[in-house]
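1. requesting a structural model of the entry that follows:
(2 chains)
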Amino acid sequence: MAADIRLLAEPFAPGAVTDAFAAAHPRAGGIASFTGQVRAEDDVLALELSHYAPLTLPGMQALGQEVLARWPLAGLLIRHRTGLMRPGEPIVLVAAAARHRRDAFQAADYAMDHLKSDAWFWKREQRADGWHWIEPREQDHADLARWRESPA
Amino acid sequence: MITLIFLGKLADQAGGPAREVPAPLDWAGLLGALDTGLAAQVASDRVRVAVNGALLADKTRLQAGEGDEVALLPPVSGG
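-> Numbering: from 1, shown residues only, chains lettered A, B, ... in the order given. Here you go, the predicted structure:
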């Protein structure tokens, strides 16, 4: 079974994607999904995600293989935006379908932690005074370390 | 020629997302082709280098030839 992983340059509707994913996996007892969206903060006008095509999607596909090898899933789906987004717009969707819920929750959690700190994306925010690059967060590295300390 | 690709904020510091430099190019040649400030950034442990989409385990062993694409990758944003 291959993971369904795509980069999207245009806005998408996570609900519709998740519904189609659930319909495609009727034998899975549970589907866990996570949607990340642009935080609506007072002074943030837009978020821009840039990527590097030769690395970004191949890296996400390798992550998908890792997740599939680690948990017994019926399906795994990842959608990730690139380009310009406004507050409230979805950035990322991860959905995992499994026979039992624990596998689905953990697989989606693991995929998100690795997308956040390992995937090749660079983000900048537009504020009233111009564009600002977003630096790596310590918390993202701590989230990743969690999986190394206590393998699921 | 070799195409240098500057990702993330390196593109701001380089004054654009891409630049062409003459082939061949090694590590010393790369640093020499960049402004001092940018070269210091690229030399820091946090910046990775890929040649034609393959990450180098040791960027100081860079060996790029005619037509290659050399990408300079700062840490990803998280957030």
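2. quick one, strands of the chain?
-> Went with chain A since none was named. A:4-8, A:30-37, A:46-51, A:73-81, A:83-85, A:90-98, A:121-127, A:130-133 (DSSP state E).
3. hmm, I had chain B in mind actually
-> B:2-6, B:18-21, B:25-26, B:48-51, B:54-55, B:63-64, B:69-73.
4. could you dump those strands to a markdown table with mean pLDDT and mean neighbour count?
-> All C-beta spots, glycine's among them, are computed from the backbone N, C-alpha and C. Output for these, formatted as a markdown table (pLDDT from 0 to 100; neighbours: other Cβ atoms under 10 Å in any protein chain shown):
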| stretch | mean pLDDT | mean neighbour count |
| --- | --- | --- |
| strand B:2-6 | 98 | 20 |
| strand B:18-21 | 97 | 14 |
| strand B:25-26 | 98 | 18 |
| strand B:48-51 | 98 | 20 |
| strand B:54-55 | 96 | 13 |
| strand B:63-64 | 98 | 17 |
| strand B:69-73 | 98 | 21 |
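5. a markdown table for the ones you listed, including distance to chain A?
-> Putting the strands of chain B into a markdown table (distance: least, Cβ to the nearest Cβ, whole Å) gives the following:
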| stretch | distance to chain A |
| --- | --- |
| strand B:2-6 | 7 |
| strand B:18-21 | 11 |
| strand B:25-26 | 18 |
| strand B:48-51 | 6 |
| strand B:54-55 | 7 |
| strand B:63-64 | 14 |
| strand B:69-73 | 6 |
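6. contact partners for residue 18?
-> Picking chain A for this. A:31, A:33, A:93, A:95 (Cβ atoms under 8 Å, 6 or more residues apart in numbering or on different chains).
7. actually chain B
-> So B:Ala18 contacts B:3-6 (Cβ under 8 Å, 6+ apart).
8. quick check: the residue of chain A nearest chain B.
-> Nearest residue of chain A to chain B: A:Pro54, at 2.9 Å (Cβ to the nearest Cβ).
9. look up how far A:Ala74 lies from the residue nearest the centre of chain B.
-> The centroid of chain B falls nearest to B:Leu72 when counting by Cα atoms, centre = their mean (3.4 Å). Using Cβ to Cβ, to the nearest Å, B:Leu72 is found at 40 Å from A:Ala74.
10. what's the closest non-adjacent residue to B:Leu38?
-> B:Gln13 (5.0 Å; Cβ to Cβ, 6 or more residues apart in numbering or on different chains).
11. can you report phi and psi for the closest residue to A:Arg127 other than its chain neighbours?
-> Nearest non-adjacent residue to A:Arg127, counting by Cβ to Cβ, 6+ apart: A:Asp43, 4.9 Å away. Main-chain torsions, A:Asp43, degrees, to the nearest 10: phi -110, psi 10.
12. what number of residues lie near A:Asp43?
-> 9 (other Cβ atoms under 10 Å in any protein chain shown).
13. for it, give me the pLDDT.
-> Note on A:Asp43: pLDDT of 90.
14. so who does the residue nearest to the centre of chain B touch?
-> B:Leu72 neighbours (Cβ under 8 Å, 6+ apart): B:4-7, B:10, B:42, B:47, B:49.
15. distance of it relative to A:Pro54?
-> On the measure of Cβ to Cβ, B:Leu72 and A:Pro54 end up 13 Å apart.
16. A:Leu8 too?
-> 18 Å.
17. got it, and B:Pro75?
-> Where A:Pro54 is concerned, B:Pro75 sits at a distance of 18 Å (Cβ to Cβ).
18. same deal with A:Gly88?
-> 31 Å.
19. give me the number of residues near the residue in chain B that chain A sits nearest to?
-> Residue of chain B nearest chain A, by Cβ to the nearest Cβ: B:Gly53 (2.9 Å). A total of 12 residues lie near B:Gly53 under the criterion other Cβ under 10 Å.
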